[in-house]
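Peer 1: Here is a sequence with its predicted model. Questions after.
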There are 2 protein chains.
Amino acid sequence: MTGITPRSAVRTVVAGESACPNVGITSKFWGRYRRMTVDNALPYQWRALNDEVPVDVPEGGAWGENGSKFSHSMRNLRIAAGREPGTFSGQPFQDTDVSKWLEAASYALRYAGRTEGADLDTLERRVDEVIGLFADAQDSDGYLDTKFEIGLPADQRFRSLRWSHELYTMGHFIEAAVAHWESTGSHRALDIAERVAACIDSHFGDEGGKVHGPDGHPEIELALARLYEATGERRWLDLAAWFIRVRGMDPEFFDEQDYAGGPKFYPGLEMPRSYFIMDKPVLDLDKAEGHAVRLLYMATAIAKVGSLLGDERMLAAAERLWANIVRHRMYITGNVGSCQIGESFSYDDDLPNDLGYGETCASVAMLFFARALMDRKPRGSIADVMETELFNGMLAGIQLDGTRYFYVNPLEADPAATKGNPTKAHVLTRRAGWFDCACCPANIVRLIASLDRYLYTVKGDTIYAHQFIANVADFGDGVTVEQAQEGEGYPWNGNITFHVENPNRLSRKLAVRIPGWSRRWVLEVDGRRTHVQPIDGFITVDISKEQTSIRLELDMSVRRMRASLRVKADAGKIAVMRGPVVYCMEESDNPHDLWTYAMPVDAEVEERYDEKLLEGVEVLQFQGVRESAESDSLYVTAVRASEWRRDCITMIPYYAWCNRTEGQMQVWVRETV
Amino acid sequence: MTGITPRSAVRTVVAGESACPNVGITSKFWGRYRRMTVDNALPYQWRALNDEVPVDVPEGGAWGENGSKFSHSMRNLRIAAGREPGTFSGQPFQDTDVSKWLEAASYALRYAGRTEGADLDTLERRVDEVIGLFADAQDSDGYLDTKFEIGLPADQRFRSLRWSHELYTMGHFIEAAVAHWESTGSHRALDIAERVAACIDSHFGDEGGKVHGPDGHPEIELALARLYEATGERRWLDLAAWFIRVRGMDPEFFDEQDYAGGPKFYPGLEMPRSYFIMDKPVLDLDKAEGHAVRLLYMATAIAKVGSLLGDERMLAAAERLWANIVRHRMYITGNVGSCQIGESFSYDDDLPNDLGYGETCASVAMLFFARALMDRKPRGSIADVMETELFNGMLAGIQLDGTRYFYVNPLEADPAATKGNPTKAHVLTRRAGWFDCACCPANIVRLIASLDRYLYTVKGDTIYAHQFIANVADFGDGVTVEQAQEGEGYPWNGNITFHVENPNRLSRKLAVRIPGWSRRWVLEVDGRRTHVQPIDGFITVDISKEQTSIRLELDMSVRRMRASLRVKADAGKIAVMRGPVVYCMEESDNPHDLWTYAMPVDAEVEERYDEKLLEGVEVLQFQGVRESAESDSLYVTAVRASEWRRDCITMIPYYAWCNRTEGQMQVWVRETV
């Protein structure tokens, strides 16, 4: 065990939520990310929120309409709190950057205490400062959104929900408040959140005079569900369910609001109803369509509220959406959203590598969605996808030092394309220090800071240990599980042990995931080799005695992956994985152009752990080939098969790309015989 | 010889222009297109211009802001001519649809007379009606642009040149007028055109009080050069040269006009200066950048005016741009413009097959540009590109019956992508009946109707016969050349004969192009096999005796083509050509998905001319293979090389795609061993 253990264990489990253990992460790999979050990312983001870091979008980048070159988000809050004069600036949802930081910082307070050298006092002071600002900014009726409070009369509220993001903004504060209460036990932020929820409850609903439609950006639904879990107040769960059920029932709701007047945001920007997940009743959706993050926040809420209410229609809708995504709309890295226009899903099996979007927030949201589905019914296939996101799609969004971020995550990148073809201008080839629309940086950090919540699902007397992230978990009833990893640890080493203590000899089982990718595996219980077949991706071990020791050996051999033949972009190509990690070629290791390389599916590979490279990675080197040019002409008559010469193909983990020199990158490599 | 011969030979050769023969096209292939133009395309387009055909852009399509569902272009003209009341509607350049139709119809008048069943009287009456409308619409000062004449005070003219298209619009009328005079000898339209030119000359120039910058869309430059060639009036050549030299000298010219006020077009649409070819002096350009049609109209003018003036700086700029396009920025079909955003060139070797633009107008413009370069210095490599455009890139723009058109010409299409991914919405998978921005339909028709001008270049005593399009040419000095083709004719049959008559025994040479694609070829002069090496792509034969007979046998064997390794989109793929014709796979012949097919570079091929298919095409069938799916999952571990089963790959000429059922299409096919 390292020195990182939970600071406090004040969290209470309430009605409806799966029992959630107190988990200290001891993983070398994730411990570094968690320390980096406390030491670098949160302080850096604090500077950005306080206008000490300019918006930095190299060549193209995300859309937005922030007039300022700085975030202005803390200033908006200070202005709304009456601390200083000024006008609102930024995206309509600018407050959420602060709320997400508050949420991440609150999680960090739980584990930062024992982090070596962590400046906990500063973090606590900042958290308290932010809560104080939100408290002072809140209106007497509970309303809390600085752009309206600073710039617009109260009668304009909730009248322009297509783009106003008011409930999205308040939802993010509610999430932060719940996190703060969970971590510290303090009711200070939670009380503000309950007043926010009451304000919303008083304005929305079926009754005459109330607003009868949802926010353009789903978020409030899952936030209210979390508030219900934290407080047990049924009103919030019912309100969340109402927002789910009303969505898409009146596809013209936003048009009607436009027609009735109300403030205008993003004039000239027109998006189809499907972008807002508003073209049909959301519970009738068969496919993941529209803005990826909107869809996934909605799907998370549907799964979560469906689970809390036992609503079969909701649960069926959530399962349909999940199945559609993982079967047809997800890159091998876990990234989702194939289209830049509308930051959206496109159509089944459309997964262009150099043109996709794969927003970091969407990968974070996939983890929310997966966790909600696991709470209902744990399945190895879902935990596999969670792992894919954790080690690939989501993680690529943040630089190794925590201070630069990707909004868009391509599987193939070329600085020449980003610069030279406007259709690909969104595919940045270096992470940005801050964005005009800065949703991603704090989103990834709040996920990393709350990673301890993604390792276990408890159902009845069974503890599902579904992630191979070394940790010590205390289940509050005397049962503790310690997961340890050998050598350099997971994901480099697949030898994992679980030490279970059960001093009260409670009747308990531990379900350990057998990853879908591990072709072979060895399981030992108390030193004895055990042969069981996984059910739904888990093998289950009785842990009712005082101590149980489980040893799992996963097959970490390098795998060549092929996509379905339905996927045009990957035809004739292979991808490389090792354990849960997707690999890529970078120009730093392989002279351009990367598309001239190829390898057979059985290419000889050399593996080597390099502790100095990219904070420690397993590097793969393949005996590949490279095509030789016949001519300098643009098109030539081919009189014989292509000429190849042997060349080495070096691959590094995808999540670590773009931490050296800017250059070409590709995940899918041409296959040759 | 067929029944199609020139109706009149009134054309006069003036100073500076290469001597231009009177050419009657007898080619079976092109004769059909020329008849179809007279019988179908011109009457159909007349209906469209007269609001009898609605704008029809299936799924996405070109941008534009025509409020009307119809062209309204003839109505605009009638309103401006005082024939009826009403307001202007359409694109700022809506008049040009009529001018281009007038130009095409004027060319058609030259050859339509002997076309079987052609309704020449109706065509002549329509041509006269249009000229009458333009005459009445013209202002007393020569100004001629209906949108300003109908809707805006005279002091607003030439004050908003970024988007007003005033000179572009007038340039197209000038081109039409020159064509009308050339075909009919009538000065009626030409006089209007000279008054237009005088109006422009009085408003633009270096002198104080004059406008000191160009139109946002180049066109006037090449139009003025043509007007100079027709009239011998030096002023028009000097004005053309002035517009070339001023372009990009003041990159802020349009911004200054915006700042000074003036009418607004396309509010909110912002394009970089390079889009307008205005970011630097145009004569300093090294690369083809910006809006493809703008660049190519400009390049044509530079080559043409450079040639007329003997201006080396202009000629060097034209050659640089040509070299950059054909070496780095042209699809194998001749299409250019890789990027939908800005309908523009992108960067070297960026040639995405499913995402490109390849506007039909840009291929037409490539023919203008090539012809101007040939006039300066005939080269086989340039004539090769002309041939590529004629049989592929340009020709795909029109349905076989002449009544539907492509604006965008992809090399890979999939209805699912067009419908499901907005980034590809511009890639239509069925031709449209008419467009909101209807530049392409009349452009392709004016090219086909003037095809006789693209077959020969005369330099000194040498006649360069550079296209294999059967014809009879009269050089005005007694010399005639008759090109005949065997069997089904070119491009299906490569056996070509030239019969030269030279009754006055003038000292003449005939230079015949040896296409770059013909690996072997046989030449017989007067029945005797001749061994000469081509120089600059031509073999030259003395034709100073009374009669000379030349027989050329080209190598029409099927060729597999490979793109430069610099082109990512074509890596690992081959294209198929036979003679000048690029082939493609269509879903009509090959069950989807087309990307699952592959073939070795030496795949056995069966060739068959099918006179009933697609108006008569050579069909190719290859012994290919098709990948078999291992699994229904999105991603699977590949444990062995891909599994393939033998399958037939059927290919048809690219120009003829999308004349049957809507479906997938691809030019580049995966190569396997």
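Peer 2: Great, that's in hand.
Peer 1: Please count neighbours and contacts with C-alpha atoms only from this point.
Peer 2: Noted.
Peer 1: show me where the stretch 351-500 of chain A has helices.
Peer 2: Remark: helices assigned in the stretch 351-500 of chain A by DSSP state H, counting those that start in this stretch are A:360-376, A:380-388, A:415-420, A:439-449.
Peer 1: Which strands or helices does the longest one pack on?
Peer 2: Meaning helix A:360-376. The contact analysis (3 or more C-alpha pairs under 8 Å, 6 or more residues apart in numbering or on different chains; DSSP states H and E) places helix A:360-376 against helix A:292-309, helix A:380-388, helix A:439-449, strand A:456-459.
Peer 1: The same query, at a cut-off of 10 Å, please.
Peer 2: Here helix A:360-376 touches helix A:292-309, helix A:312-328, helix A:380-388, helix A:439-449, strand A:456-459, going by 3 or more C-alpha pairs under 10 Å, 6 or more residues apart in numbering or on different chains; DSSP states H and E.
Peer 1: List, one by one, the residues from the stretch 301-450 of chain A near chain B.
Peer 2: Proximity of the stretch 301-450 of chain A to chain B, by C-alpha under 10 Å from any C-alpha of the partner chain, involves residues A:326-332, A:338-342, A:344-350, A:355-356, A:416-417, A:419-424.
Peer 1: Apply 6 Å and report the result again.
Peer 2: Proximity of the stretch 301-450 of chain A to chain B, by C-alpha under 6 Å from any C-alpha of the partner chain, involves residues A:327, A:346, A:347, A:420, A:421.
Peer 1: Mind putting these into TSV with pLDDT?
Peer 2: Below are those laid out as TSV (pLDDT from 0 to 100):
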residue	pLDDT
A:327	97
A:346	98
A:347	98
A:420	96
A:421	96
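Peer 1: Could you identify the most distant pair in those residues?
Peer 2: A:327 and A:420 (33.3 Å; C-alpha to C-alpha).
Peer 1: returning to that earlier point: now the helices and strands packed on helix A:360-376 in JSON lines, with mean neighbour count?
Peer 2: As requested, the helices and strands packed on helix A:360-376 are exported to JSON lines (neighbours: other C-alpha atoms under 10 Å in any protein chain shown):
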{"stretch": "helix A:292-309", "mean neighbour count": "26"}
{"stretch": "helix A:312-328", "mean neighbour count": "19"}
{"stretch": "helix A:380-388", "mean neighbour count": "24"}
{"stretch": "helix A:439-449", "mean neighbour count": "25"}
{"stretch": "strand A:456-459", "mean neighbour count": "22"}
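Peer 1: ok, now how distant is residue A:635 from residue B:370?
Peer 2: From residue A:635 across to residue B:370, the span is 19 Å (C-alpha to C-alpha, to the nearest Å).
Peer 1: more neighbours, those two?
Peer 2: Shown here are residue A:635 and residue B:370; by other C-alpha atoms under 10 Å in any protein chain shown, residue B:370 has more neighbours (25 against 20).
Peer 1: Distance of that one relative to chain A?
Peer 2: Residue B:370 sits at a distance of 18 Å from chain A (criterion: C-alpha to the nearest C-alpha, to the nearest Å).
Peer 1: and the gap between residue A:215 and residue A:74?
Peer 2: Distance of residue A:215 to residue A:74, given as C-alpha to C-alpha: 24 Å.
Peer 1: Equivalent analysis for residue A:167, please.
Peer 2: Residue A:167 sits at a distance of 19 Å from residue A:74 (criterion: C-alpha to C-alpha).
Peer 1: Likewise for residue A:132?
Peer 2: Taking C-alpha to C-alpha, one finds residue A:132 at 12 Å from residue A:74.
Peer 1: next one: residue A:623
Peer 2: Distance from residue A:623 to residue A:74, by C-alpha to C-alpha: 53 Å.
Peer 1: which of the two has more neighbours?
Peer 2: residue A:74 (21 against 17).
Peer 1: if I've got this straight, that one is in a helix?
Peer 2: Yes: using DSSP: H, G, I helix; E, B strand; the rest coil, the assignment for residue A:74 is a helix.
Peer 1: Kindly report the residues of the stretch 551-673 of chain A close to chain B.
Peer 2: A:560, A:561, A:562, A:563, A:564, A:601, A:634, A:635, A:636, A:637, A:638, A:641.
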